[in-house]
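In: based on what follows, work out the 3D shape:
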Amino acid sequence: MIKSKHALRTAIVAGAGVIAVMLSGCASGGGSTATTTSAAAASSYTDAACASGASTDKSLVVGSILPITGSLAYLNPPELAGVGLAVSDINAAGGVDGKDACVLATDSGDSTDLTISTASAQKLIAAKVSVAIGAASSSVSLNVVDSFASAKIVQISPANTSAKLSGYGPFYFRTAPPDSVQGSALGQLITGDGNAKVAFLVFNDSYGTGLRDFTQASVEASGGTVVYGGKGNGQEFPPARPRSRPR
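Out: Numbers count the residues shown, from 1 in each chain. Got it, this is the predicted structure:
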């Protein structure tokens with residue numbers, strides 16, 4: 001049974017680790033085992049949904065702010081399943097002071113309509129959640145991170161990579177490596193494979209331009225050249241632009 005505040009924080013961080021593992025399995029395109037695990041975790045989440053009026057005075061209330069709608073909605077099932085699995089593990093260990101933890105899920109939307117994440121963050125703050133898991137989008141997190149910090153609510157993202165969030169503050173954490181690390185590695189891989197001319201197709205949001213900028217710097221440092229979509233060229237795509245099938 002989890003009792004102390006130190007143990008409670010450890011449980012939250014451990015839960016974030018479970019979320020990271022779930023996402024890694026999803027991103028790797030796992031087979032039937034990953035699918036089975038995800039389905040089981042999703043079931044655990046359903047069982048752990050917070051009842052109306054759940055209070056953080058007596059329970060660990062885990063708020064999620066993940067993309068139920070919008071262009072990133074396909075990420076919601078594995079991410080929310082990861083949250084559910086973490087809460088399920090906490091409850092299997094005896095909960096917090098003998099009481100089960102639960103999940104209060106909200107929609108983060110995406111960067112095309114930040115009013116969704118603003119409203120969801122205020123809902124979680126009003127509920128005084130113990131921790132907020134999300135967002136998936138760096139742009140969305142940048143929209144709500146100050147609100148959570150002002151309310152002294154710890155926010156943990158399983159997917160944010162924007163360098164703007166590096167060392168942002170004592171209430172923000174993430175389990176994904178930043179664009180500065182990913183971009184450097186990607187640029188070295190591209191040029192190391194013998195590619196001297198590179199084109200970028202990116203969305204005009206924190207993730208798209210951030211990863212592009214660091215990758216471009218790495219490519220150019222290795223002697224490569226960017227021929228399209230580079231920083232400052234104005235050739236990014238709006239995040240909401242419809243995608244068409246090749247003809």
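In: so where do the helices sit in this protein?
Out: For the chain, the helices defined by DSSP state H occupy 5-27, 32-47, 76-92, 114-126, 138-150, 179-192, 206-221.
In: least reliable of those going by mean pLDDT?
Out: For the helices of the chain, mean pLDDT drops lowest on helix 5-27, to a mean of 38.
In: ok, and the closest non-adjacent residue to Gly192?
Out: Closest residue in space to Gly192, ignoring its immediate chain neighbours: Ser222 at 7.7 Å, by Cβ to Cβ, 6 or more residues apart in numbering. The way it works is simple: take the backbone N, C-alpha and C, and place the C-beta from them, glycine included.
In: got it, and Lys231?
Out: The shortest distance from Lys231 to any non-neighbouring residue, by Cβ to Cβ, 6+ apart, is to Asp213 (5.3 Å).
In: so what's the residue count around Ser64?
Out: Applying other Cβ atoms under 10 Å, we find 29 residues neighbouring Ser64.
In: should've said Leu114
Out: 17.
In: contacting residues for the residue lying closest to it once chain neighbours are set aside?
Out: Excluding its sequence neighbours, the residue lying closest to Leu114 (Cβ to Cβ, 6+ apart) is Asn143, at 4.7 Å. Residues near Asn143 by Cβ atoms under 8 Å, 6 or more residues apart in numbering: 114, 117-118.
In: what would those residues look like in JSON lines with distance to Thr175?
Out: Listed next are these as JSON lines, based on distance: Cβ to Cβ, whole Å:
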{"residue": "Leu114", "distance to Thr175": "23"}
{"residue": "Ser117", "distance to Thr175": "19"}
{"residue": "Thr118", "distance to Thr175": "24"}
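In: out of these, which is nearest to Asn76?
Out: Using Cβ to Cβ, Ser117 is the member of those that lies nearest Asn76, at 13.5 Å.
In: for the closest residue in space to Pro170 that isn't next to it in sequence, grab the count of nearby residues.
Out: Leaving out its chain neighbours, the residue that sits closest to Pro170 by Cβ to Cβ, 6+ apart is Ala149, at 7.8 Å. Using other Cβ under 10 Å, Ala149 has 16 neighbouring residues.
In: might one say that Ala149 is in contact with Leu165?
Out: No - Ala149 is beyond contact range of Leu165, at 11.8 Å (criterion: Cβ atoms under 8 Å).
In: now the common contact residues for the two.
Out: Counting by Cβ under 8 Å, 6+ apart, the residues touching both Ala149 and Leu165 are Tyr172.
In: ok so, going back, I'd guessed the residue nearest to Gly192 sits against Leu189; true?
Out: No - contact criterion Cβ under 8 Å: Ser222 and Leu189 do not qualify, at 10.2 Å.
In: surely Thr175 touches Ile156?
Out: Yes - judged on Cβ under 8 Å, Thr175 makes contact with Ile156 at a distance of 7.1 Å.
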